[in-house]
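S.K.: okay, here's the prediction I keep looking at, along with the sequence it came from:
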Amino acid sequence: MADGSVISTHNNDCQECDIRITHVPARDWPNGSKRPIFRERTPYPRFLQTEEYNIHGPEYLVGTEDSSIYPWQAQDPIFFIDQVKHTYAYTMGSYPLQNEKQLSFGESTCTTSMWSTPSWLGGKANFNVRSLMEVALERCETARCAIKLMGQLAEDHGFYCVEGPATERADCSEALTVSDPREVWIFHINADDTHESAVWVAQRVPDDHISALANQFVITEIDVEDTENYLASKNVFEVAIRANLWDPSKGPFNYLKAYGIDEGAMGHGITRRVWRVFTMADPSLPLSPFTDAYGSYGFGKDGNKPYPFSIKPHKPLHLQDIMAMTRDNYDGTPFDMTEGPEAGPFGDVIRSAPNSKLVNEDGLDWPEYKTLAFPNRAISIWRTAYSAITQSRANLPDEVGAVTWIAPYAPHHSTFVPVYASAPTAPSSLTNTTQHKLDRSKNYWAHCVVGNYLSRWYKWTIGDVQSFQKQMEEKIFSAQSKIEASAVKAISKDNVDDAIGRLSDFQEDISGDMVAEWWDFFWAMTAKYRDIYKVTRPNSESFLNAPDFIGYERWWSEMVGFWGAPGKASPMRKSPVGIPPMVFDAQKTQDDFDKKYPAGAETKYFLHPDFSADEPSPAVAPSRIPDGDDDGSEPIRNEGDDFVRPPARDYSDTATLFGTGGFLLGFALATVGFCIWKKYTDKQGYATIPDSNFNL
């Protein structure tokens, strides 16, 4: 990062998750104490503990839950490990985030062929990824310590899936970003074939580089002798051979291909988010968005190299750049989520999936679902519970340096607020809330209401949102610099408690201010956008002159049949303008992609199959055709099952083709996490990350 800080991020894409952000206090423990391990649970309440077993703080004690929703019962531990004498304080979300020593995490759930059943369902595995992260934050100060500790605990006591036993899709492995003020690593873990242990690997992100996770492993070939850059379980090769996942006689070991799963048609939902992060960090990067589910090709001038583990940004990144990445919806690219039939007439970026058989008998089962040319998955999506950006700053005391920026709800409709790991509590507007009940005093609900209302006219309203976000975050940054300067001064005079008090008051006040500001913004937007118009001249003598009407674009009118059958043009025009495609699906090889999409990224618009133009010619984007004006352009025509498209082009210039072109960005890895490493003073590195989902 430009300021020397180390960053890990996580877009927690989880519609059912407990949305509270809380503070887990530091504690001293008597000799002989045991540390309870609890079963995995993502919905509210993520923990509900008696005094005897409470290790997560007062917010998780029995009696603090909203029992009017449901009569939840206290959770019993499933396992115990020896407790240490002292545990560090840390910030907790759906996943543990950052401790008071500036050790930080980002998370991205991945798929694998290796899984175990947890002990509470009759198996022998006792650790899920959240428990591993918790223990690491309680006991470690460095990324290396955290990686080794998590790996050893999982090897000794077993590792199980996010929600228990594996399903057909096997979301049973994890990828983490693990960062401290001087190093950042990518960590992968999954069960072994005995179902009693685990396999794991970690790779250090090089100086000056950024890496991205989007629900898929990214570590490929490894050198276990190079312990400065790689760490791994002793069984990493043995299990792969024993489980017939790797044959040494057929080539070098590749962790991604050995332990990962080919997501097929849905693979572009993974690789395209990685492509987006990398090309935002370096717009000149020769990286194609078209590749297979593993990213086996698409990099380099000839497009034949695999996606890189990490890349060097073209210039030092700032915190605002990372916030922009977390908010991204492929703005300004051929995959812009505001375009196409699924975006509706007003460019809504929300994408719904088809109903499953669990909803109705005509729905899709999982095998059929996997055959879909799956919609693009952006970094920022509607089901993001929160986006987190952890910042570790070695040039500041730990009390000040460890800060997590939280954007509740989808980050493209949210503001990031600071939460300090040293503060005795998290801001009250981020705690004690649920998705079951609207609470006007909470950040999440202010953003959720704004997002749900303004998404109706997303293409029209997002500019207002982005301007407001910039205004609010500039206000926060300005106040933060003054507060932190005073806190550092207090610490220099041994007034640590005073410094922590200043930071605590600041985060409480600024988070509460954002709640009030966003509700005011909502009411202002309600007056500006309503029904079918946007009020652009509120001081008009007559309200008849105040609004601009929000109408359908021509391609939408044609698609829904304004002039007869769907796809038919107005009788005043020579031909239809064509319909923007919903998705470019993943292909196994570059050759396969070239055959299916001969025009590559210029394959933008197509006609309804029942209509064709007399002569093929490049399609014209509907937004470029003035209403009532026929410029003579004709759309791409349909011939049987194949679309006639413009001539193919070389993909080696994808960096130019998919440049930064006018977007205010953001982030999502299902989960998206990613990491950057930025060299700072006296050759000390400070990781900075922009995805993990990225949980992308």
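M.R.: That came in fine, so what should we check first?

S.K.: residue ranges of the helices in this protein, please?
M.R.: Counting by DSSP state H, the segments of the chain that form helices are 129-139, 143-157, 236-242, 255-259, 268-281, 319-325, 366-369, 398-401, 443-454, 458-492, 496-528, 554-559, 590-596, 654-657.

S.K.: okay if I get these as CSV plus mean neighbour count?
M.R.: (C-beta placed from N, C-alpha, C; glycine too.) Output for these, formatted as CSV (neighbours: other Cβ atoms under 10 Å):
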stretch, mean neighbour count
helix 129-139, 24
helix 143-157, 21
helix 236-242, 17
helix 255-259, 23
helix 268-281, 28
helix 319-325, 24
helix 366-369, 12
helix 398-401, 22
helix 443-454, 22
helix 458-492, 16
helix 496-528, 17
helix 554-559, 22
helix 590-596, 15
helix 654-657, 17
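
S.K.: confidence-wise, which of the ones you listed is weakest overall?
M.R.: Ranked by mean pLDDT, the helices of the chain bottom out at helix 654-657, with a mean of 22.

S.K.: list the contacts for residue 228?
M.R.: Going by Cβ atoms under 8 Å, 6 or more residues apart in numbering, residue 228 touches residue 204.

S.K.: what about it, distance to residue 207?
M.R.: Distance from residue 228 to residue 207, counting by Cβ to Cβ, to the nearest Å: 12 Å.

S.K.: same check on residue 154?
M.R.: Using Cβ to Cβ, residue 154 is found at 29 Å from residue 207.

S.K.: any stretches of the stretch 301-450 of the chain with poor pLDDT?
M.R.: 370, 372-375 (pLDDT under 70).

S.K.: how about JSON lines for the helices of the chain, with distance to residue 338 added?
M.R.: JSON lines is the format used below for the helices of the chain (distance: least, Cβ to Cβ, whole Å):
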{"stretch": "helix 129-139", "distance to residue 338": "34"}
{"stretch": "helix 143-157", "distance to residue 338": "38"}
{"stretch": "helix 236-242", "distance to residue 338": "43"}
{"stretch": "helix 255-259", "distance to residue 338": "32"}
{"stretch": "helix 268-281", "distance to residue 338": "15"}
{"stretch": "helix 319-325", "distance to residue 338": "16"}
{"stretch": "helix 366-369", "distance to residue 338": "25"}
{"stretch": "helix 398-401", "distance to residue 338": "38"}
{"stretch": "helix 443-454", "distance to residue 338": "13"}
{"stretch": "helix 458-492", "distance to residue 338": "5"}
{"stretch": "helix 496-528", "distance to residue 338": "18"}
{"stretch": "helix 554-559", "distance to residue 338": "13"}
{"stretch": "helix 590-596", "distance to residue 338": "24"}
{"stretch": "helix 654-657", "distance to residue 338": "19"}
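
S.K.: for residue 211, find the nearest of those.
M.R.: helix 268-281 (8.7 Å; Cβ to Cβ).

S.K.: mind giving me the packing neighbours of the closest one?
M.R.: Using 3 or more Cβ pairs under 8 Å, 6 or more residues apart in numbering; DSSP states H and E, the elements in contact with helix 268-281 are strand 210-213, helix 319-325.

S.K.: dump these to JSON lines, plus distance to residue 224.
M.R.: Output for the helices and strands packed on helix 268-281, formatted as JSON lines (distance: least, Cβ to Cβ, whole Å):
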{"stretch": "strand 210-213", "distance to residue 224": "19"}
{"stretch": "helix 319-325", "distance to residue 224": "32"}
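
S.K.: could you give the bridge partners of the nearest residue to residue 112 once chain neighbours are set aside?
M.R.: The spatially closest residue to residue 112, leaving aside those adjacent along the chain, is residue 173, at 3.7 Å (Cβ to Cβ, 6 or more residues apart in numbering). In this entry, residue 173 is beta-bridged to residue 110, by DSSP bridges.

S.K.: do I have it right that residue 173 meets residue 111?
M.R.: Yes - the pair residue 173 / residue 111 is scored as a contact, 6.7 Å apart, by Cβ atoms under 8 Å.

S.K.: quick check: neighbours shared by these two?
M.R.: With Cβ under 8 Å, 6+ apart, residue 173 and residue 111 have common neighbours residue 260.

S.K.: tell me which of those two has more neighbours.
M.R.: Neighbour count, other Cβ atoms under 10 Å: between residue 173 and residue 111, residue 173 has more, with 30 against 23.

S.K.: OK, contacts around residue 235?
M.R.: Residue 235 is in contact with 155, 192, 197, 199, counting by Cβ under 8 Å, 6+ apart.

S.K.: hmm, I was thinking of residue 38
M.R.: Contacts of residue 38 by Cβ under 8 Å, 6+ apart are 47, 49, 75, 77-78, 131.

S.K.: which non-adjacent residue is nearest residue 447?
M.R.: Closest to residue 447 by Cβ to Cβ, 6+ apart is residue 409, at 3.8 Å.

S.K.: with residue 132 instead?
M.R.: Per Cβ to Cβ, 6+ apart, closest to residue 132 is residue 150, 4.2 Å.

S.K.: show me what contacts that neighbour?
M.R.: Contacts of residue 150 by Cβ under 8 Å, 6+ apart are 132-133, 135-136, 187, 189, 200.

S.K.: gap between it and residue 417?
M.R.: Taking Cβ to Cβ, one finds residue 150 at 29 Å from residue 417.

S.K.: ditto for residue 75
M.R.: Counting by Cβ to Cβ - residue 75 and residue 417 are separated by 30 Å.

S.K.: neighbour count: these two, which is higher?
M.R.: Taking other Cβ under 10 Å, residue 75 and residue 417 do not tie; residue 417 has more neighbours (25 against 19).

S.K.: got the contact list for the closest residue to the more buried one other than its chain neighbours?
M.R.: Counting by Cβ to Cβ, 6+ apart, residue 417 lies nearest to residue 511, which is 4.6 Å off, once chain neighbours are set aside. Neighbouring residues of residue 511 by Cβ under 8 Å, 6+ apart: 417, 427-430, 443.

S.K.: in strands, which of those residues appear?
M.R.: residue 417 (DSSP state E).

S.K.: from the contacts of residue 511, which two are the most distant?
M.R.: 417 and 428, at 12.0 Å, using Cβ to Cβ across the contacts of residue 511.

S.K.: where are the low-confidence patches of the stretch 501-650 of the chain?
M.R.: In the stretch 501-650 of the chain (pLDDT under 70), the answer is 580-590, 593, 597-650.

S.K.: just the strands in it please.
M.R.: With DSSP state E, counting those that start in this stretch as the criterion, the stretch 501-650 of the chain has strands at 529-530, 533-535, 547-549, 638-639, 642-643.

S.K.: and if you look at the stretch 251-400 of the chain?
M.R.: Counting by DSSP E, counting those that start in this stretch, the strands of the stretch 251-400 of the chain are 384-392.
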